[in-house]
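Asks: Need coordinates for the following:
(2 chains)
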Amino acid sequence: MTTLPAPPERRPLRADRSWLLLAAPFVAASWLPWWGVLAFFGVLLLIRRDQAAEVVRVPLLLAAAGVTVLPLLAEVQLGGENALAAILSFAALFLPVVGAAAVIHIGLNLLEVGRPAGVAWLALLLLPGVLGLAPSPVFGLPAGLGLGLLALLLCALGSTGREERPARRLTGSGRAVWNAALVGGVLAGALALGTLALGPARQTETVRAAPGAAASQPDAAPQRQSEFPSGEGEGATGRAPAPLSPEATAAGVQLPGADLVLLGGMLLLMSVVFLLWRLPKRVVDGPRRFHWWEVAAVAGMLLLGALLLFYGLSAGGSGGPSTAPAPAGEGGVGGAEGGTLEEASPWWALAFASWFNRLAFLASLLLTAVILIFAWRLRRPVGDDLPVALPTAEAVSAPHAEALHRVRLAYRSAQAALERCGLGRGPAETPAEHAARASLNLPDLAAPLGTLVAAYAPVRYGGRVTDEDADRAEEAARDIAALSAEYRPPTLPDTPDSSPQETP
Amino acid sequence: MTHAETPTPPADLAAVERFARAVGDNVARVLVGKEGVTRLTLAGILTGGHILLEDAPGTGKTMLARALAASLGLTFRRVQFTPDLLPSDVTGVSVYRPATGAFEFVPGPIFTGLLLADEINRATPKTQSALLEAMGEGQVTESGVTHRLPQPFVVIATQNPAEHEGTYRLPEAQLDRFLLKLSVGYPSLDEEVQMLGRLQGAHPIDTLGPVAGPQDLLAARAAVKAVRVSDELRRYAAALTARTRNHPQVALGGGPRASLALQGVAQALAALDGRAFVVPDDIKAAAPAVLAHRLSLRIEARLAGTPPESVVGDILRAEPVPADPAQAAGAL
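Replies: You can find the predicted model right below:
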């Protein structure tokens, strides 16, 4: 049972177990760069402080994903001779980070409603580190995995049930949720498709068309080490793709950039539409001051759209990276020098490319499924035509929302206490009927239950409560918990049949 | 409507509460120990519906109607329904005026504020059906001309459940027009003793004055319509009605009009308590009176003597109430 807070002083931030859910990004510490972990953590922290931002958590997490991959953008831009490798490195991080944003969102959603399946979802964040699929973190693999497991444990402990969840419906309009999730979902899907369109297999075929062209510049510029912080060797993680010979690239290592440019353009257009649609609505309907999270969500989408656009232009657009000369294979990357791509790259690099392609395909399927799940789950509870069960952000001040939430917590706490002593509410009982029945069994419960039900009815069915009501409800819940702890349900006297038989 | 529009019980809802308390207290001067049925009847009137009172003779059905009419300041007319009663005896008739050479409509007793249709099941179905248009649309059509009834217009009909000789069972369409079917019930021993003492001298109904007027009633009706019903409770009310259609003992269950009635009476009950929102208890309190008379039981259930009220009770015990706090937050 949840420990209720002390009623006298009202605190803007309530310390409850749900704060442990902020540890979710640290589950990915085994592969996510440290600034990525902090970006996700920062988004969750800010949402925890301003619960209204819950409605756009997906775009905000995607914005954090954009921040995470942003440093690699410079690497791609400055890549010059080895830009293709940088692009592939960029892609190798891009997809997992976006996937991590989706997994964090799903996992937290489940944990916030008390479903342990959220732990399994968050555990997926350990996989890239275990399998070495993504760039290694600054923490190092063992320490990162250890930190990830610890964070996973904290998240499991933070799953305190539905009522500890920040009251999202209190503060967000249905249309805002739809807008944000729709745009965020389309964005995630487009990113997945964009990464899929990278098509390493097509590179191989193209390079095969120019055999023997790689040895002409054996002392080409040395391969730039990825500027991505690494605690592991690149070969061990397999994140650095095989370098290409200049001839091979010059002969037409063409990445399907046109498609990506189109997708990026569509995303930018959608972001602008969102901007034009959502913000004027707030100008008309709501307060004049924009919420930070609205701006951040739009900015995040624009950022990711721009990233994808740049990615598409760089990968297959007008020259640029495609002319990058290939360095000699060295270290754990190059197995041979010169020649075709097969010769210039070790066999595992090609396998990685092909395998990466398959991974991207599976990931895109997964993201598509996630988007469909989002759409399905959003379909049910929200909609501007339906009366929202609780007040909207524009209509309700934060203190009022807090009072509503406190009363719900108190009622749920009292319900749990009553259930433990066998006085739980039947499914067809109204709160008042339940209170009456429980009071018949334990008359001392009548007063606190009456107080609690009186405060709960408007919360549940459409009224408003004050902080004083919430204080009274919490006090009543504590009384109920204390009384029910002492209550022992009457036991039937032992009958001769039921008494244990003595053994001779 | 949103919560923001009804943050606290508005002034008109507080007025409804005062109005209901005044009427209830006034009626209680005549009827002893009938607060429950009075409250439901008043809720039906506030919803704009008509009420069917079914009980044994001498339980106070007529007295309740008279007391309500007097308390609400409504013009009261009583029609004793008999087998030879004609529709025109209720609705009115056009008569030829030789002086003017034209037909003139003479309104029947239905043109009143509160009509007591006493022993309605003694009239023929034809006469009973003459009330359909009046009860449904608040108008009467005679000789092709439609005449609006005064507002507010309330029909309180009575019937005797024990005596079936020479009676005509009300058709389903007619029953459906009645928002509520109530039973007054016998008073307890103490209540009956108290009643004897109170009625020993002059009957208080003779001196019962109005505590509200027709305009107050119309204003209260408007306020009742503003009472909030959450979407979950709408679904709960509709689910209760839907269960009547699927119940194994029911041949014909309640229609959408029953759901509307359930919601309306629940709103009125909430308003009577001064609440700006409906709680499940309001729906549960309204359900037996709203649903039971709309059910047509299967022959097996009828032969077994199963009352429709027990079927409604079964349904109320089976349908889960939306009261879980987790549902309020929703899930994304």
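
Asks: contacts, neighbours, all on C-alpha from now
Replies: Noted.

Asks: Please identify the buried residues of the helix or strand encompassing residue B:25?
Replies: Assigned by DSSP states H and E, residue B:25 belongs to helix B:11-28. If you call a residue buried by 16 or more other CA atoms under 10 Å in any protein chain shown, then helix B:11-28 has these buried ones: B:12-17, B:19-20, B:22-28.

Asks: got the domain boundaries for chain A?
Replies: Per automatic domain parsing, the structural domains of chain A span A:17-216+A:227-379, A:398-486.

Asks: For these, which has the smallest mean pLDDT value?
Replies: Mean pLDDT per stretch puts domain A:17-216+A:227-379 lowest among those, at a mean of 59.

Asks: roughly how far is the helix or strand hosting residue B:62 from the heart of the chain?
Replies: Applying DSSP H and E as the criterion places residue B:62 in helix B:61-72. Mean C-alpha position of helix B:61-72 versus that of the full chain (CA atoms, centre = their mean, to the nearest Å) differs by 13 Å.

Asks: quick check: angle from the helix holding residue B:25 to helix B:61-72?
Replies: Between helix B:11-28 and helix B:61-72, the angle formed by their directions is 130 degrees, by axes from the mean of the first three to the mean of the last three CA atoms, to 10 degrees.

Asks: For the residue in chain A that chain B sits nearest to, which residues are in contact?
Replies: Using CA to the nearest CA, the closest approach of chain A to chain B is made by residue A:428 at 4.2 Å. Listed by CA atoms under 8 Å, 6 or more residues apart in numbering or on different chains, the contact set of residue A:428 reads B:316, B:317, B:318, B:319, B:320, B:321.

Asks: Now do the contacts for the residue nearest the centre of chain B.
Replies: Geometric centre of chain B, nearest residue: residue B:51, 2.8 Å, by CA atoms, centre = their mean. Applying CA under 8 Å, 6+ apart, we find residue B:51 in contact with B:41, B:44, B:45, B:155, B:156, B:157, B:178, B:179, B:180, B:181, B:182.

Asks: and the nearest residue to residue B:48 once chain neighbours are set aside, what helix or strand is that in?
Replies: Nearest non-adjacent residue to residue B:48, counting by CA to CA, 6 or more residues apart in numbering or on different chains: residue B:221, 7.1 Å away. Here residue B:221 sits within helix B:214-225, counting by DSSP H and E.

Asks: List the buried residues for that helix?
Replies: Neighbour-count burial for helix B:214-225 flags B:214, B:216, B:217, B:218, B:219, B:220, B:221, B:222, B:223, B:224, B:225 (criterion: 16+ other CA under 10 Å).

Asks: where does the nearest residue to the fourth one once chain neighbours are set aside land in three-state SS?
Replies: Pointing back at residue B:218 there. Using CA to CA, 6+ apart and skipping residues adjacent in sequence, the residue nearest residue B:218 is residue B:152, 6.8 Å away. Secondary structure for residue B:152, judged by DSSP: H, G, I helix; E, B strand; the rest coil, is coil.

Asks: Check residue B:152 and give its pLDDT.
Replies: With respect to pLDDT, residue B:152 scores 87.

Asks: For it, give me its contacts.
Replies: Counted by CA under 8 Å, 6+ apart, residue B:152 has contacts B:48, B:113, B:214, B:217, B:218.

Asks: Likewise for residue B:301?
Replies: Neighbouring residues of residue B:301 by CA under 8 Å, 6+ apart: B:249, B:250.

Asks: Let me see the mean pLDDT of the regular element (helix or strand) spanning it.
Replies: When elements are assigned from DSSP H and E, residue B:301 belongs to helix B:299-303. Averaged across helix B:299-303, the pLDDT comes to 82.

Asks: Next, find the distance separating the residue nearest to residue B:21 when sequence neighbours are not counted from residue B:74.
Replies: What sits nearest to residue B:21 in space, not counting adjacent residues and going by CA to CA, 6+ apart, is residue B:272, at 8.0 Å. As judged by CA to CA, to the nearest Å, residue B:272 and residue B:74 stand 20 Å apart.

Asks: Compare the two and say which is more crowded by neighbours.
Replies: Set residue B:272 next to residue B:74 and count neighbours by other CA atoms under 10 Å in any protein chain shown: residue B:272 wins out with 26 against 23.

Asks: So which bits of the stretch 101-250 of chain B are right by chain A?
Replies: Contacts of the stretch 101-250 of chain B with chain A, taken as CA under 8 Å from any CA of the partner chain, map to B:228, B:229, B:230, B:231.

Asks: Which SSE is immediately downstream of the helix holding residue B:62?
Replies: Next in line after helix B:61-72, if elements are assigned by DSSP H and E, sits strand B:76-80.

Asks: Look up the closest residue to residue B:259, ignoring the ones flanking it.
Replies: residue B:238 (5.5 Å).

Asks: In terms of secondary structure, what does the host helix or strand of the one you found contact?
Replies: Residue B:238 is part of helix B:231-246, with elements assigned from DSSP H and E. When contacts are defined as 3 or more CA pairs under 8 Å, 6 or more residues apart in numbering or on different chains; DSSP states H and E, helix B:231-246 sits against strand B:250-252, helix B:256-272, helix B:280-291, helix B:308-318.
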